[in-house]
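In: what follows is a predicted protein model with its sequence.
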Amino acid sequence: DADQAALAEGARATAKVGVVGSGTMATGIIEVFAKAGYEVVSVTRGVEKSAAVCEAVKTSLNKGVVRGKLSEEERDGALGRITWSATLDHLADVDLVVEAVVEELSVKKALFASLDEICKPGVVLATTTSSLPVIEMAMATQRPADVVGLHFFNPAPIMQLVEVVRTIRTAPETVATARAVCAALGKTSVVCGDRSGFVVNALLFPYLNDAVKMLEASYSTTDDIDHAMKLGCGYPMGPFELLDVVGLDVALAIQRELYLELREPGFAPAPLLEHLVTAGYLGRKTGRGFRDHTHR
């Protein structure tokens, strides 16, 4: 039994969870925890943001009811488990905090320093960062052993994967607790070290970059490369299809992060990717990326 195994590894019991942030990631994570039966304290900066997150969660849960994914009772139960707050002091009695604020190190470090003051001992402090070093946030606290990365994929209610990121200072019990929580959410967790890109992006983005270089060299076409990877590797989307969905600006930022940290010459962003971003061709969101999406 997974629960027994987790407890044997020293996982701590988790009943009440704090989620800090007001973006799509925070909203999705609040919904996931509330649906799984956890008491959730949602903390945002200000009452207006709190109301907006509350509306977003309600809308998403209602969609679930309409689609037959959950009953009205389950929806009401989930909403009843969420407390909406605009002050971090309401995290004094939670067992786990999930930070999902803006991807800026200074902001995250300040938040972790505050959490260190407010939260009771033994609380797991998790960051959802996808690009920043988790150790930086851990060292902003007096309890780096309790800090771990919990990288949910967007949209959190649908995506099955969570990357659990352990730093040099993360305690085994912290990792065990994070994994037990992921299992309770019905998610699959993978554990990795605190390095740029974690598992998924560290493998995915060099491949996407290579596809752009292949196109740049006129070696093949966007359609043929996409067909080759879908039919030859069973990937759900070809590289250019995926880049247009992710956003070329987002892909470029991740590619730069990997290159800056790992200094692998092959990780340097392909010039064509840079040019398209400079030209404002960012993918589906702007109507044009590697393909024109305006007439589809």
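Out: All right, it came through fine. Predicted, not measured: the structure shown is a model, and the values here were computed from it.
In: so where do the helices sit in the protein?
Out: 2-8, 24-35, 47-66, 72-80, 105-118, 134-138, 172-184, 200-216, 222-233, 239-246, 248-262, 271-278 (DSSP state H).
In: need these in CSV with distance to residue 89, mean neighbour count and mean pLDDT, can you?
Out: For glycine as for every other residue, the C-beta is placed from the backbone atoms N, C-alpha and C. CSV is the format used below for those (distance: least, Cβ to Cβ, whole Å; neighbours: other Cβ atoms under 10 Å; pLDDT from 0 to 100):
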stretch, distance to residue 89, mean neighbour count, mean pLDDT
helix 2-8, 30, 12, 56
helix 24-35, 18, 24, 97
helix 47-66, 14, 15, 96
helix 72-80, 22, 14, 97
helix 105-118, 6, 16, 98
helix 134-138, 20, 23, 98
helix 172-184, 23, 21, 97
helix 200-216, 35, 18, 96
helix 222-233, 50, 15, 98
helix 239-246, 37, 22, 96
helix 248-262, 34, 19, 93
helix 271-278, 42, 16, 98
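In: could you dump the ones you listed into JSON lines and include distance to residue 14?
Out: What follows is the helices of the chain, written out as JSON lines (distance: least, Cβ to Cβ, whole Å):
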{"stretch": "helix 2-8", "distance to residue 14": "10"}
{"stretch": "helix 24-35", "distance to residue 14": "10"}
{"stretch": "helix 47-66", "distance to residue 14": "20"}
{"stretch": "helix 72-80", "distance to residue 14": "17"}
{"stretch": "helix 105-118", "distance to residue 14": "16"}
{"stretch": "helix 134-138", "distance to residue 14": "19"}
{"stretch": "helix 172-184", "distance to residue 14": "5"}
{"stretch": "helix 200-216", "distance to residue 14": "25"}
{"stretch": "helix 222-233", "distance to residue 14": "38"}
{"stretch": "helix 239-246", "distance to residue 14": "32"}
{"stretch": "helix 248-262", "distance to residue 14": "30"}
{"stretch": "helix 271-278", "distance to residue 14": "41"}
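In: and those helices: which comes nearest residue 148?
Out: helix 172-184 (5.0 Å; Cβ to Cβ).
In: which helices and strands sit right next to that closest one?
Out: When contacts are defined as 3 or more Cβ pairs under 8 Å, 6 or more residues apart in numbering; DSSP states H and E, helix 172-184 packs onto helix 2-8, strand 124-127, strand 147-152, strand 161-166, strand 188-193.
In: nearest to residue 79, of these?
Out: strand 147-152 (20.4 Å).
In: angle of the closest one against helix 172-184?
Out: Computed with axes from the mean of the first three to the mean of the last three Cα atoms, to 10 degrees, the direction of strand 147-152 lies at 20 degrees from that of helix 172-184.
In: which ones are touching the spatially most central residue of the chain?
Out: Closest residue to the average C-alpha location of the chain: residue 152 at 3.4 Å, with Cα atoms, centre = their mean. By Cβ atoms under 8 Å, 6 or more residues apart in numbering, the contact list for residue 152 reads 25, 28, 29, 32, 128, 159, 162, 187.
In: same check on residue 212?
Out: Counting by Cβ under 8 Å, 6+ apart, residue 212 has contacts 239, 243, 270, 272, 273.
In: equivalent analysis for residue 175, please.
Out: Contacts of residue 175 (Cβ under 8 Å, 6+ apart): 148, 164, 166, 191.
In: can you pick the most crowded of those residues?
Out: residue 148 (27 neighbours; other Cβ atoms under 10 Å).
In: right, and that residue touches residue 166 too?
Out: Yes - Residue 148 lies in contact with residue 166 (Cβ atoms under 8 Å); the separation is 6.1 Å.
In: identify the contacts common to the two.
Out: 174, 175.
In: list the contacts for residue 282?
Out: 247, 248, 249, 276, 289.
In: could you export the contacts of residue 152 as TSV, including distance to residue 91?
Out: Shown next, in TSV, are the contacts of residue 152 (distance: Cβ to Cβ, whole Å):
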residue	distance to residue 91
25	18
28	19
29	15
32	18
128	16
159	25
162	21
187	22
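In: and which of these is nearest to residue 19?
Out: residue 29 (5.4 Å).
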